[in-house]
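Q: 3D model of this:
(one chain, ligands or ions: 1)
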Amino acid sequence: MQILTEPRAMQQLCQSLRCQGADLGFVPTMGALHAGHLALCHRAREENPQFVASIFVNPTQFGASEDLSRYPRSLETDLELLREAGCDAVFTPDARAMYGDTDLLHGTWVDVAPFNEMWEGVTRPGHLRGVATVVAKLFNLISPSRAYFGEKDFQQLHVVQALTRDLNFPIEIVGVETVREPDGLALSSRNAYLNEQQRRAASAIYRAMRAGVEAARGGETDVAALGRTMNAVLEAEPLIQPQYVAVVDAENLTALQQLDGRAARILISAHLGKTRLIDNMAL
Ligand code: PAF
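A: The predicted structure is shown next:
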């Protein structure tokens, strides 16, 4: 497995990997890899003769008050896991290599309307713009045939699908199902911040979504009633402070008032102490 830190070297390597016309899979990550990332790698391995990954804790997707400096980093373990997953090359640039030495060197941003004005776009201003910009840069450097993203970041997946379509990247975006702990908590690098009690309480997010799904299966179509059912589960856990609990159209993420046969998705964001978790589930 090759490890490259310079954008130009990564671009040349990927060009040569694709020059025989072979498909190339790509798994972008911010490191601190867990079984959720490995599920993306296994899918990339199955579907492409070669696959590459990136490990880059992208500063532009963190707000001023967010956890950039304490974001978990475990480069050596990550590289070992990627090697075992059959990854052909890993791109591990630093912020200077991606954005230059000063803000003046980087003036081009990718904003995907209207996702910036909803859910994560509102609660984390600038976050989706940072994600969209770095993903577009990585797509230009790597030119994969397929790129793999977890469904756990459901809005991010929509943003990536939209920018791929809007900017005409000839890339297939593959969404991969969320991997969960036995008690239902979605795997996330941020779970490492939770103390023991918070970790136990965090499974209420999954239980709340299951309660919503069960109520809908039982015939409830009023979204306000579904919201009350889910909030009741969250409120039973004093360590959880919900930020939003929404039922949205799964295609465009607009809030629904009523379930009417369209594909719908539950979106939840909640704080446990300083840690913010998000999750989602099909209704
Ligand atoms: O989901 C992530 O890990 C990041 O948002 C991504 C897609 C690698 C962009 O930095």
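
Q: Hmm, residue 197 and residue 239 touching each other?
A: Yes - counting by CB atoms under 8 Å, residue 239 touches residue 197, with 6.2 Å between them. Backbone N, C-alpha and C define where each C-beta goes, glycine included.

Q: who has more neighbours, the two?
A: Using other CB atoms under 10 Å as the criterion, residue 239 and residue 197 rank with residue 239 on top: 17 against 13.

Q: give the contact list for the spatially closest residue to residue 222 that is not a sequence neighbour.
A: Among residues not flanking residue 222 along the chain, residue 258 sits closest, at 6.4 Å (CB to CB, 6 or more residues apart in numbering). When contacts are counted by CB atoms under 8 Å, 6 or more residues apart in numbering, residue 258 touches 221-223.

Q: quick one: residue 258 from the ligand, how far?
A: 32 Å (CB to the nearest ligand atom, to the nearest Å).

Q: What of residue 52?
A: For residue 52, the distance to the ligand equals 13 Å [CB to the nearest ligand atom].

Q: How about residues contacting the stretch of helix or strand that residue belongs to?
A: Residue 52 is located in strand 50-55, with elements delineated by DSSP states H and E. The contact list for strand 50-55, computed with CB under 8 Å, 6+ apart, reads 10, 13-14, 17, 22-31, 41, 44-45, 75, 78, 82, 86-93, 138, 142, 144.

Q: Residue 236 - nearest residue in space that isn't next to it in sequence?
A: residue 204 is the one closest to residue 236 (CB to CB, 6+ apart), at 7.0 Å.

Q: among the contacts of strand 50-55, which are within reach of the ligand?
A: Among those, the residues lying close to the ligand (CB under 6 Å from any ligand atom) are 28-30.

Q: just to revisit the earlier point, in PyMOL, select just the buried ones from the contacts of strand 50-55.
A: A single PyMOL command selects the buried members of those (16 or more other CB atoms under 10 Å):
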select buried, resi 10+13+14+17+23+24+25+26+27+28+29+30+31+41+44+45+78+82+87+88+89+90+91+92+93+138+142+144
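
Q: what's residue 265 sitting at in phi/psi?
A: Per-residue torsions, residue 265: phi -140, psi 140 (degrees, to the nearest 10).

Q: What about the residue in the stretch 51-200 of the chain that the ligand sits nearest to, how many residues nearby?
A: Using CB to the nearest ligand atom, the single residue of the stretch 51-200 of the chain nearest to the ligand is residue 58, 4.0 Å away. Applying other CB under 10 Å, we find 22 residues neighbouring residue 58.

Q: so what's it up against?
A: Neighbours of residue 58 in contact, by CB under 8 Å, 6+ apart: 30, 98, 130-131, 134.

Q: from memory residue 98 sits against residue 56, does it?
A: Yes - Residue 98 is within contact range of residue 56, at 6.6 Å (criterion: CB under 8 Å).

Q: Which pLDDT does the model give residue 104?
A: We have a pLDDT of 65 for residue 104.

Q: And the helix or strand hosting residue 245, what's buried?
A: Per DSSP H and E, residue 245 falls inside strand 240-249. In terms of neighbour count (16+ other CB under 10 Å), strand 240-249 has its buried residues at 240, 242-248.

Q: which bits of the chain sit near the ligand?
A: 28-30, 58, 61, 131, 134-135, 153, 156.

Q: repeat that with 5 Å
A: By the rule CB under 5 Å from any ligand atom, the part of the chain lying against the ligand is 28, 30, 58, 131, 134.
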